[in-house]
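Peer 1: After the sequence you'll find the predicted model.
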Amino acid sequence: MPERISAVPVSVAGLYRGRELSGDGSVAVRGTSVSITMTEGAGVVLRIDEIDGLRGNGSDLELFLDSGDVLQLSSASGMVRVTEDIVQTAIALPELTRSLRALGARRAKPGADHDRFFAPLLSARRRAQGCATVEECLRICDAAALRAELDRHLRDFARARYPRSGADRRSLEADLEDAAGRAFARLDELAVAGNAVRKSDDTARFVAWREWTSALRAVFESADSSWLAIRPALEGPRVKHRPLWRRLLRLGALAAVCAGAGTLDAQHMQMRIRGVPVDSLRARDFDVVSSVPGFAIIVADSADRARLAQLGWSAEEIVTRADIGRAVPGAQRATSVYRSFDDPVRGVRAFLDSIATANPTRAHVEDIGTSIEGRPLLALKIGAADDSPSRPNVLFMATYHAREWAATEMALRLIKHLVVNRSERTDSLVANRDIWILPVANPDGYQYTFTADRFWRKNRRRNSNGTFGVDLNRNHAFKWGLDNVGSSPNPASEVYRGSAPESEPEIRAISAFHEAHPPVLSVSYHTFTGLILYPPGHEFGKLPDDLGIFRALAGTDVQPAVRDRLPGSNRDHYHPAPGWNLYPTNGEYTDWAYAEHGSIAFTPELSSGFEFERFYGFDFPDDESRLATLFDDNLPFALDVLDAARDPLKARPLATGIASERIGIESVSPVVRVRVPLADIRKTFVKSPASVPLAPDPSSDAAVYTRRLVSTVIARPAEVRIDVGAAGVRYDILSATGAERGDEPWLASGFLKSPLRIAGDSAWTSGNGKLRSPAIAVPAGLDSLSVLFWTRYLGDPFSLLPRGEIHYSVDNGNSWTLAGLVAGVAETYYPERADIVGVAGKTVLVEFTALFGSTLPSWWLDEITIVGRSSAPASGPDLITNLDFRPSENPVRGEVVRFLWPFAGAEGEVIVYDIGGRQIWHAPVRDNPVTVTWRIAESGTANGVYFVLLRSGGRLVRGKLFVTRGAL
């Protein structure tokens, strides 16, 4: 601690936790506190960690407190020293080594290697003890320098053990790098925290500093655990080497065994990059496609691999099972399930011709355009040969990006299902829709992946600088070239947008098709990551005006449209989100289709890309069983899209059980944001609070069925009442917090206040923590709640972890139910919502849980309002209520299941469909039963997932039933 001086006389003005301080007194820094004594009245003792920042000019000092208060101290002399004392105390580094298990411990076997490994950290800690300024401490503990030292020591360890065997040395280096992966990840976080300190202003400098010291502590702790993993790798001789072919692949030297233009050295490879942040790779225009802890995964060609070597970044090819076969020239054609485009016997072109020939009244091949190399863009029209205004168009496309073979296979299987596999549901859809399926949007690039380069992405245009290809999914006209983040002007880039909007013949053909056959809904299949994306993708934080329709079909993380049942997948469902949640794009298809043609457009990213933690990425296995599972997982969503085409605003998807919203509330503070039908825009008014005007959102790109209306900024109200035409909706605010002084107390554990806010003076933030509401007594007349909140978060765009979760409890916290989650990346604030149903008359707790695995702020929350909906949007008597779906058990493990009949006193029917839409069981309902019984054993129904519809007149209840008879 710095040397202290005696108390300094001061004049004091300001507030401390609601109490006014004004008058003369004295101030002194004692230990880790600042003591302010008043001549008249009680003084205060401030802990240093209550001070977020300070600003001084010699005789005056302002203290900015975590409560939002500001204290002003003035003195003719002595204030400079007081300021220095506060700064020195605030930036004093904590003890960092006492809790370490490996440093110097007997179990860690301390010795020369042990000492060298910890030396950079201990040296930095020792030198930082005496630093006088924040800048000096940041320089001494620079994350990049520490990383370089740690990396050098790992290479030295390997070199000392294998001075003559390069292969063994590289193998050991790779193992040591894997073992130290957690330490490298924490160093990345330290670098981010250091930049945050440098960018912080005086009012929040100490907040950022405390976050940096937490990140520094995490570096020491991760290095400690890493050493315990490294030590066994350094003991004894190496007895197992990497296979020769794998070491050759890592060196990029397997081209020596290949010949011709398609050699592996010239091809794109899927590669792991250790210890380099994803943002650093993207900034240098590398094609980042995924990440795992400690590693980024990219697709790199020979030029990219040369750049990696120049940058000194360690890269290793990820070898999949299919890669081994492709080491021999020509082996790329040897597929058992996948089809090339040109193969005259089993290629895509041959498949479409054969299915149309075999089903002339149901399938028709249409040539909608020509590629850059002269191949046709072939679409199959399913249904009647002619067009009819009474039949809405629905479009499915696949493989904008050539390497995404599983997307084409999904489209081909959908064709076969709709054309060949007859059922009551599919026959009705085919008869009442004009269904178009384009299985390969990029035929030249797709064929090239079978003959030359498996991971080729773009089309095959020869660019002016001698490179090849344009990213077709960056070549559409809407927002084309908006910036160089969502697309690239560099022809060598994998996201090169082309020389002009619609410069590519493939995109001009797709544009012309939309003019001639505008689809009501469209789906563009891609791989991979396990997502269902929808517009917009070009700007963080933007949401579509028709969000209620997009979410009804794509679902939520609690009620997803697609369940992932692939063995060993690292997720159990597809995460639904706007396109920017993965990464920003411009010139992209779904943004264009929605903005220019009013199509409700989706991008499913098929499969997670992982099987039992083994990465395959774009190389989805050429395996019938796995591809069949992939198709079965995604079929319900495709059928729901077809169902919704008649009237998307009345969509009631079977897969999600979520009805499209006619009236959708997004925020009640600091602005009212509500979506209403287009016809009701001029009939929508805020009745309470009074005099709150609503206007269409000026940032809107498109509004096809509903329009977002936004108010001016208002104070947080007690209730919001909105009239929408003849319907009235009331939202009572039952609890709220914005991390503001005067808010009702929420229990914060690991959540802190942050100046990065959407309203007021602060917001909540955390990397690991919980934020719990007080107990909320829900009135008996309110069956559902909405948790509205503004949020931003910095997760992993390729993974559902890290993430933030929203839970609720109706038993005082003894058990919790997931209501919603956020994952991916949102760099700017936007409004989110999680709904809670079935809580009328109960006492509810709501809890936000940050699972970002970081000591740094990663999730921000502001203006959290829990509102009760006292009257539902007027959407007719057939509104779906999932709570009314009440089977006797679910999953069903017995011989029978009984459904509670929700329409007391009314007749109706119960229908059960399988996942493919085939009717499995039907029962009329008469004589006012309490329950309806389905004898599963007698019907011979197999285990699986089924959709149950209970119907009485115009009223519907739908639910999902899992049959697992015989399972434990």
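Peer 2: Nice, I can see it.

Peer 1: Please tell me how far Leu311 sits from Arg152.
Peer 2: Remark: distance between Leu311 and Arg152 (CB to CB, to the nearest Å) = 16 Å. Quick note: C-beta positions are derived from backbone N, CA and C, even for glycine.

Peer 1: Next: Leu788.
Peer 2: 51 Å.

Peer 1: Quick check: Asp386 vs Asn359, distance?
Peer 2: For Asp386, the distance to Asn359 - CB to CB - is 16 Å.

Peer 1: ok, now Arg147?
Peer 2: Separation of Arg147 from Asn359 (CB to CB): 61 Å.

Peer 1: Settle it for me: which of those two has more neighbours?
Peer 2: Neighbours were counted for Arg147 and for Asn359 using other CB atoms under 10 Å; Arg147 has more, 19 against 14.

Peer 1: so that one makes contact with Arg274?
Peer 2: No. Judged on CB atoms under 8 Å, Arg147 makes no contact with Arg274 at a distance of 10.9 Å.

Peer 1: any shared contact partners between those two?
Peer 2: Listed contacts common to Arg147 and Arg274 are Phe184; contacts here mean CB atoms under 8 Å, 6 or more residues apart in numbering.

Peer 1: Any stretches of the chain with poor pLDDT?
Peer 2: 1-6, 98-111, 165-167, 236-266, 321-333, 871-884, 915-917, 953-954, 966-968 (pLDDT under 70).

Peer 1: what residue lies at the spatial centre of it?
Peer 2: Gly824 (2.5 Å; CA atoms, centre = their mean).

Peer 1: Apart from its neighbours in sequence, what residue is nearest that residue?
Peer 2: Leaving aside its sequence neighbours, Gly824 sits nearest to Asn581 (CB to CB, 6 or more residues apart in numbering; 4.0 Å).

Peer 1: Can you give me every residue that contacts the one you found?
Peer 2: 531, 533, 575, 797, 823-826.

Peer 1: how about these in CSV, adding secondary structure and distance to Thr32?
Peer 2: Output for those, formatted as CSV (DSSP: H, G, I helix; E, B strand; the rest coil; distance: CB to CB, whole Å):
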residue, secondary structure, distance to Thr32
Leu531, strand, 47
Leu533, strand, 49
His575, strand, 44
Pro797, coil, 40
Ala823, strand, 38
Gly824, coil, 39
Val825, strand, 37
Ala826, strand, 36
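
Peer 1: As TSV, the residues you listed with distance to Glu613 would be great.
Peer 2: Formatted as TSV, the contacts of Asn581 follow (distance: CB to CB, whole Å):
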residue	distance to Glu613
Leu531	19
Leu533	25
His575	19
Pro797	19
Ala823	19
Gly824	21
Val825	23
Ala826	27
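
Peer 1: So which of these is the closest to Val440?
Peer 2: Nearest to Val440, judged by CB to CB, of the contacts of Asn581 is Leu533 at 20.4 Å.

Peer 1: so the closest one bridges to which residues?
Peer 2: Note on Leu533: beta-bridge partners by DSSP bridges are Ala577, Thr603.

Peer 1: so what's Ala628 up against?
Peer 2: By CB under 8 Å, 6+ apart, Ala628 lies in contact with Arg413.

Peer 1: ok, how many other residues are close to Ser314?
Peer 2: 20.

Peer 1: Correction: the previous question concerned Ala715.
Peer 2: 8.

Peer 1: ditto for Ser390
Peer 2: Neighbour number of Ser390 under other CB under 10 Å is 7.

Peer 1: repeat for Arg462
Peer 2: 11.

Peer 1: Report the separation between it and Ala509.
Peer 2: Look at Arg462 and Ala509: by CB to CB, they are 19 Å apart.

Peer 1: What's opposite the closest residue to Ala826 other than its chain neighbours in the beta bridge?
Peer 2: Nearest non-adjacent residue to Ala826, counting by CB to CB, 6+ apart: Arg792, 5.0 Å away. Note on Arg792: beta-bridge partners by DSSP bridges are Trp860.

Peer 1: Wait, Arg792 touches Pro831, no?
Peer 2: No. Between Arg792 and Pro831 there is no contact under CB under 8 Å: 11.0 Å.

Peer 1: Who has more neighbours out of the two?
Peer 2: Arg792 (23 against 18).

Peer 1: How much space separates the more buried one from Arg147?
Peer 2: 27 Å.

Peer 1: do the same with Thr335
Peer 2: Thr335 is 42 Å from Arg147, by CB to CB.

Peer 1: Also Ala191?
Peer 2: When Ala191 is compared with Arg147 (using CB to CB), they lie 8 Å apart.

Peer 1: And Leu788 and Arg152? Which one has more around it.
Peer 2: Taking other CB under 10 Å, Leu788 and Arg152 do not tie; Leu788 has more neighbours (23 against 12).

Peer 1: residues in contact with that one?
Peer 2: By CB under 8 Å, 6+ apart, the neighbours of Leu788 are 665-668, 831-833, 863-867.

Peer 1: now, which of the residues you listed lie within strands?
Peer 2: In this view, the contacts of Leu788 that belong to strands under DSSP state E are 665-667, 831-833, 863-867.

Peer 1: Columns distance to Leu639 on top of those, output as CSV?
Peer 2: What follows is these, written out as CSV (distance: CB to CB, whole Å):
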residue, distance to Leu639
Ile665, 30
Glu666, 29
Ser667, 33
Pro831, 31
Glu832, 28
Arg833, 27
Glu863, 39
Ile864, 37
Thr865, 37
Ile866, 35
Val867, 34
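
Peer 1: Just name the closest of the residues you listed to Ala452, please.
Peer 2: Of all the ones in strands among the contacts of Leu788, Ala452 sits closest to Glu832, with 44.9 Å by CB to CB.

Peer 1: list the contacts for the closest one?
Peer 2: Neighbouring residues of Glu832 by CB under 8 Å, 6+ apart: 788-791, 820, 822.

Peer 1: From the contact counts, what lies against the lengthiest helix in the chain?
Peer 2: The longest helix of the chain (DSSP state H) is helix 205-234. Helix 205-234 is packed against strand 51-56, helix 112-128, helix 134-140, helix 143-161, helix 166-179, helix 181-199, with contacts defined by 3 or more CB pairs under 8 Å, 6 or more residues apart in numbering; DSSP states H and E.

Peer 1: In CSV: the ones you listed, plus distance to Phe602.
Peer 2: Shown next, in CSV, are the helices and strands packed on helix 205-234 (distance: least, CB to CB, whole Å):
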stretch, distance to Phe602
strand 51-56, 44
helix 112-128, 48
helix 134-140, 45
helix 143-161, 40
helix 166-179, 37
helix 181-199, 33
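
Peer 1: Quick one: closest of those to Gly598.
Peer 2: With respect to Gly598, and counting by CB to CB, the nearest of those is helix 181-199 at 40.9 Å.

Peer 1: For stretch 646-661, what is the distance to the chain centroid?
Peer 2: Its chain's C-alpha centre and that of stretch 646-661 lie 23 Å apart, by CA atoms, centre = their mean, to the nearest Å.

Peer 1: can I get the CA coordinates of that stretch in CSV?
Peer 2: Below are the C-alpha coordinates for stretch 646-661, written out as CSV (Å, rounded to 0.1, in the frame of the first residue of the first chain):
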residue,chain,number,x,y,z
ARG,A,646,-51.7,-20.4,-47.3
ASP,A,647,-51.6,-17.6,-44.7
PRO,A,648,-48.4,-17.2,-42.7
LEU,A,649,-50.1,-14.9,-40.2
LYS,A,650,-52.3,-17.8,-39.2
ALA,A,651,-49.5,-20.4,-39.2
ARG,A,652,-49.7,-23.0,-36.5
PRO,A,653,-46.6,-25.2,-37.0
LEU,A,654,-46.8,-28.7,-35.6
ALA,A,655,-43.0,-28.9,-34.9
THR,A,656,-42.9,-25.8,-32.6
GLY,A,657,-46.4,-25.6,-31.3
ILE,A,658,-46.1,-21.8,-31.5
ALA,A,659,-48.8,-19.8,-33.2
SER,A,660,-48.0,-16.7,-35.4
GLU,A,661,-48.5,-13.5,-33.4
